[in-house]
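Sequence first, then the predicted structure:
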Amino acid sequence: QKEVEQNSGPLSVPEGAIASLNCTYSDRGSQSFFWYRQYSGKSPELIMSIYSNGDKEDGRFTAQLNKASQYVSLLIRDSQPSDSATYLCAGALYNFNKFYFGSGTKLNVKP
Amino acid sequence: DAEITQSPRHKITETGRQVTLACHQTWNHNNMFWYRQDLGHGLRLIHYSYGVHDTNKGEVSDGYSVSRSNTEDLPLTLESAASSQTSVYFCASSDSGGHRELFFGEGSRLTVL
């Protein structure tokens, strides 16, 4: 079983809609979670981090963490064509310096 | 600005040759990582280091080696390149202590013919 699981997609949403990306993890020791955006041919870029249960908002992005359900999500409001990319979910063990990545969900935002 | 740089960005080599990919970071991060990324496999950890003279094997370490002689650099060496090592390689670094974020270099695309 992979430590972090994501639906590979593609997830298609119309411009202006809310895109919802989901991720589950298996290791209850994981305490830090991250969402990375990766454009084709580019390196992963950190867009959100979340460490506590609940929601964390940053502009159009909201990360949600539910440790009881071992579930992490990323909501993108008012989706733009420029949001079209692959989104990688990652978990990390506190103080163990190791990151576990999902295989990514490809998002297509259609104009 | 602090950054993490990889070189070369693109390399074509032949089977059996030794290849070294360089990674240099100016964040002064203790932790450095090498990943490879292939279609269908996502990011897979090759080797990592928590500090000078410390190196550890990741999930796909066979055929690769690293050494850490200073804080800034973690070169990745393919001792005898194989076609299965054709991939995109990413170096990354993170700080120590508490919650930490991982920052990536721009990647090195390696083709082994």
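Arrived safely, thanks for sending.

what does stretch A:52-63 contact?
With contact meaning CB atoms under 8 Å, 6 or more residues apart in numbering or on different chains, stretch A:52-63 is reached by A:33, A:35, A:47-50, A:64-68, A:72-78. Every residue, glycine included, has its C-beta placed from N, CA and C.

Apart from its chain neighbours, what residue comes closest to A:T105?
A:G9 (4.5 Å; CB to CB, 6 or more residues apart in numbering or on different chains).

Tell me the helix or strand right after the helix or strand containing A:R37.
Using DSSP states H and E, A:R37 falls within strand A:30-38. Toward the C-terminal end, the helix or strand that comes next after strand A:30-38 (DSSP H and E) is strand A:45-50.

Tell me the helices and strands packed up against that next one.
Strand A:45-50 sits against strand A:30-38, strand A:54-58, strand A:61-66, with contacts defined as 3 or more CB pairs under 8 Å, 6 or more residues apart in numbering or on different chains; DSSP states H and E.

can you redo those as a markdown table with mean pLDDT?
Below are the helices and strands packed on strand A:45-50 laid out as a markdown table (pLDDT from 0 to 100):
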| stretch | mean pLDDT |
| --- | --- |
| strand A:30-38 | 90 |
| strand A:54-58 | 95 |
| strand A:61-66 | 96 |
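
what about those strands, which gets the closest to A:A19?
strand A:61-66 (9.9 Å; CB to CB).

now the angle between strand A:30-38 and the closest one, please.
Counting by axes from the mean of the first three to the mean of the last three CA atoms, to 10 degrees, strand A:61-66 lies at 150 degrees to strand A:30-38.

what's the spacing between strand A:61-66 and its chain's center?
Centroid displacement of strand A:61-66 relative to its chain, using CA atoms, centre = their mean, to the nearest Å, is 8 Å.

Tell me the buried residues in that strand?
Buried residues in strand A:61-66, counted by 16 or more other CB atoms under 10 Å in any protein chain shown: A:F61, A:T62, A:A63, A:Q64, A:L65.
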